[in-house]
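Asks: 3D model of this:
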Amino acid sequence: MKRISGAFQIAAVYVGTVIGAGFATGREIVEFFTRFGFIGFIAILFSGYLFITMGTRIMLKSHDLKAKSFEQFNEYLFGKVFSKFMNIMMMVMLIGVSAVMLSGAGAVFQEQLMLPKQLGVLLTIVLGFITMMIGMKGLFAVNTFVVPLMILFNLFLMTHSISENGFMDALLTIPPVDDGWKSVVAPFSYVAFNLAMAQAVLVPVASEVKDRKVIKYGGYLGGFFLTVILISSHFTLVMIPDVTLYEIPMAVVMKSFAAGFYFIYILIIYGEIFTSVIGGVFGLEKQLEGYVKSSSLSRFFGIFIMIYSLSFFEYSELLSYLYPLFGYLSLLFLVLLWMKQDGKDE
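Replies: Numbers count the residues shown, from 1 in each chain. Model prediction:
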């Protein structure tokens, strides 16, 4: 029983770290998959396979190496010299992505709650600071609460979409797009980017878990849940006309299908964004620990100031430009992770 609960906790942290502003709101799924129609659905299935296998491999290898931060894990993947460049790149990416998450929190307040964007941003910073002070237990607690709710609501929306007239036509449609070639590389760049970012949390978490089987089952379970959320979100999003026009398309669906649950769903979306903000900040703090000799409080404060200054950019613009770019930069990470396999990974 203890092993099962441990696996679910690992899965929740894995899912919560990957599901951020773009994933939870549906914007990221639209950008990488849904706008390509049925080809995007095929890409999602392949992405799910990569999430299950590669995400588990990161955690198992981190456990075997006893790596405390992604810096040590990157040294294993890239070697001592090139890993220094990759670590700098990862830190820049983490800062950029955390800023996207923070801007996403503001977008939820502005677009869905009709409240000032800065209120959402500042509230997220304050709550994040409190969670970070609690430490690893706070990270586990937030994810264990939010992730199951997110999965349930996504399945609820998917069930409604499937029952709608015209669902199969919408699912099988392949719309004309100028950059259709991106649908081919989407599974690789999307998973590479998310796993490169998630390692900031997955590496230190896996190194602290003693039972290797708990990590393995947790990784498989987390990857499976991510696949389910991707598929259910896509099935829902294909039913929205002009889906690329919305910053938070999943909320648009909820408002149309089940208005009574609308505000609860907005809170869940916000919760998922929040889990990714704290995940990114947690990973950055662990990395800075080796460079900046100060208290954790000072490091957290400095990180929040940094990502706050970047969050003034529009959420959808940040996501559209930064995510694909970071995805392509992370492809090397995915290739090396796939190549560096041994019998112990199984």
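Asks: so which strand or helix has Gln287?
Replies: For Gln287, the element it lies in under DSSP states H and E is helix 262-288.
Asks: going on from that helix, what's the next piece of helix or strand?
Replies: Per DSSP H and E, the first helix or strand lying C-terminal to helix 262-288 is helix 296-310.
Asks: if we can go back for a sec, angle of the helix holding Gln287 against helix 296-310?
Replies: Relative orientation of helix 262-288 versus helix 296-310 (axes from the mean of the first three to the mean of the last three CA atoms, to 10 degrees): 120 degrees.
Asks: list the buried residues for helix 262-288?
Replies: Of the residues in helix 262-288, 265-266, 268-288 count as buried by neighbour count, 16 or more other CB atoms under 10 Å. C-beta coordinates here come from the backbone N, C-alpha and C atoms, glycine included.
Asks: helix or strand: which one has Pro175?
Replies: For Pro175, there is no helix or strand it lies in under DSSP H and E.
Asks: now do the contacts for it.
Replies: Pro175 is in contact with Arg35, Phe36, Gly37, counting by CB atoms under 8 Å, 6 or more residues apart in numbering.
Asks: quick one, what contacts the last one?
Replies: Looking back up the chat, that one is Gly37. Leu172, Thr173, Ile174, Pro175, Val238.
Asks: mind putting those residues in JSON lines, distance to Phe304 and pLDDT included?
Replies: Listed next are these as JSON lines, based on distance: CB to CB, whole Å; pLDDT from 0 to 100:
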{"residue": "Leu172", "distance to Phe304": "45", "pLDDT": "88"}
{"residue": "Thr173", "distance to Phe304": "43", "pLDDT": "85"}
{"residue": "Ile174", "distance to Phe304": "43", "pLDDT": "85"}
{"residue": "Pro175", "distance to Phe304": "40", "pLDDT": "84"}
{"residue": "Val238", "distance to Phe304": "37", "pLDDT": "87"}
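Asks: out of those, which end up buried?
Replies: Members of the contacts of Gly37 classed as buried by 16+ other CB under 10 Å are Val238.
Asks: and of the contacts of Gly37, the nearest to Met59?
Replies: Using CB to CB, Val238 comes nearest to Met59 of these, at 32.3 Å.
Asks: so that closest one versus Arg212, what's the distance?
Replies: Distance from Val238 to Arg212, counting by CB to CB, to the nearest Å: 40 Å.
Asks: cool, Thr144 as well?
Replies: Here Thr144 is placed at a distance of 21 Å from Arg212 (CB to CB).
Asks: swap in Ser330?
Replies: Counting by CB to CB, the gap from Ser330 to Arg212 is 26 Å.
Asks: ok, these two, which is more surrounded?
Replies: The residue with more neighbours, out of Ser330 and Arg212, is Ser330; 25 against 14, by other CB atoms under 10 Å.
Asks: quick one: contacts for that one?
Replies: Shown in contact with Ser330 (CB under 8 Å, 6+ apart): Met93, Ser189, Ala192, Phe193, Leu195, Ala196, Met197.
Asks: need these in TSV with pLDDT, can you?
Replies: As requested, these are arranged in TSV below (pLDDT from 0 to 100):
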residue	pLDDT
Met93	76
Ser189	83
Ala192	86
Phe193	80
Leu195	86
Ala196	81
Met197	77
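Asks: pLDDT weak spots in the stretch 201-346 of the chain?
Replies: Applying pLDDT under 70 to the stretch 201-346 of the chain flags the ranges 247, 290, 292, 313-324, 326-327, 341-346.
Asks: if you set the cut-off to 90 instead, what comes out?
Replies: Scanning the stretch 201-346 of the chain with the threshold set as pLDDT under 90 gives 201-215, 229, 233, 236-346.
Asks: residues in contact with Ala170?
Replies: Applying CB under 8 Å, 6+ apart, we find Ala170 in contact with Val238, Met239.
Asks: the residue most distant from the middle of this protein, which is it?
Replies: Most distant residue from the mean C-alpha position of the chain: Asn165, 31.6 Å away (CA atoms, centre = their mean).
Asks: for it, give its distance to Gly48.
Replies: Relative to Gly48, Asn165 is positioned 28 Å away (CB to CB).
Asks: look up the closest residue to Gly166, ignoring the ones flanking it.
Replies: The shortest distance from Gly166 to any non-neighbouring residue, by CB to CB, 6 or more residues apart in numbering, is to Met239 (7.7 Å).
Asks: give me the number of residues near Ile305?
Replies: By the measure other CB under 10 Å, the count of residues near Ile305 is 10.
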